[in-house]
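Chemist: Structure of the sequence below:
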Amino acid sequence: LKQGVRYVLTTPAVRTLILMAVVTELFGWAHEPMLAVMARDVLAIGASGLGFLMAGASAGGLISTVVVANLGNVKEKGLMLVGGFAGFGFFLIAFAWSPWFPLSLVMLGLAYASVTAYEASLNTLLQTIVPNKMRGRVLSFQTFTWAFTGLSGFHTGAIASAAGAPLAISIGGVVVLLNALRLARRMYGFPAQQFEATSGE
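Modeler: So this is what the prediction gives:
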């Protein structure tokens, strides 16, 4: 356990990827508890409309999955990683402030398409740059970050109660987008330089 902690904290590329996962789970996926509120109070589409929102989001993720799977070995993994990360934040903000149901449906679908591409890149990079002996422990760290999604409802709910669901969702989107922009320059060189597969070590 100590070796795993030390490896994640002292390996810059792995540490960056894990921190990206934490930000995504804690702030990006914080929109999920607010979807029902958006459907009821903002878009006024009711339970059936919420179902369409979820279906649109899933459709975006599915299309992105098919596209990414057919791209093969993407050379610019860092670019797809940061692009998907930034797209997730941007389209969440657009969704949060859309007053029109069809537009909201498209924006949420694009957000899920972006995050699917981002997560595919993140998973690929984590599994290819980490040595065999450390892979299980590093992936355990990644799994641990998923717990932050549940915690995100606390701060999102508090913000929504005070200022409304659109602001709560957009704050999470802004945090994701700002982190993507901050990391864009650093991340772009990963595939060719810092992210070299070491699975045989």
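
Chemist: just checking, Lys77 touches Leu122?
Modeler: No - contact criterion C-beta atoms under 8 Å: Lys77 and Leu122 do not qualify, at 9.3 Å. C-beta: built from backbone N, CA, C; applies to glycine.

Chemist: What segments of this protein are strands?
Modeler: Read by DSSP state E, the chain holds no strands at all.

Chemist: what packs against the longest helix seen in the chain?
Modeler: Ranked by number of residues, the top helix in the chain under DSSP state H is helix 101-129. Counting contacts by 3 or more C-beta pairs under 8 Å, 6 or more residues apart in numbering; DSSP states H and E, helix 101-129 packs against helix 12-23, helix 46-71, helix 77-96, helix 132-145.

Chemist: With respect to Ser170, which of those helices lies nearest?
Modeler: Nearest to Ser170, of all the helices and strands packed on helix 101-129, is helix 77-96, at 4.1 Å by C-beta to C-beta.

Chemist: Which secondary structure elements does the closest one sit against?
Modeler: helix 101-129, helix 165-187.

Chemist: The same query, at a cut-off of 10 Å, please.
Modeler: Using 3 or more C-beta pairs under 10 Å, 6 or more residues apart in numbering; DSSP states H and E as the contact test, the elements touching helix 77-96 are helix 12-23, helix 46-71, helix 101-129, helix 165-187.

Chemist: Any buried residues in the last one, and which?
Modeler: Within helix 165-187, the residues that qualify as buried are 165-166, 168-177, 179-180, 183-184, 187, counting by 16 or more other C-beta atoms under 10 Å.

Chemist: now swap in the first one and tell me
Modeler: In terms of neighbour count (16+ other C-beta under 10 Å), helix 12-23 has its buried residues at 13-14, 16-18, 20-23.

Chemist: Ok, stretch 144-155 next?
Modeler: So, applying 16+ other C-beta under 10 Å, buried residues of stretch 144-155: 145, 148-149, 152.

Chemist: Show the contacting residues for the residue lying closest to Gly49 once chain neighbours are set aside.
Modeler: Excluding the flanking residues, the one nearest Gly49 by C-beta to C-beta, 6 or more residues apart in numbering is Ala39, at 5.0 Å. Residues near Ala39 by C-beta atoms under 10 Å, 6 or more residues apart in numbering: 45-54, 101, 104, 165.

Chemist: got CSV for the helices and strands packed on helix 77-96, with distance to Arg137 and mean pLDDT too?
Modeler: Listed next are the helices and strands packed on helix 77-96 as CSV, based on distance: least, C-beta to C-beta, whole Å; pLDDT from 0 to 100:
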stretch, distance to Arg137, mean pLDDT
helix 12-23, 10, 90
helix 46-71, 26, 94
helix 101-129, 11, 94
helix 165-187, 23, 90
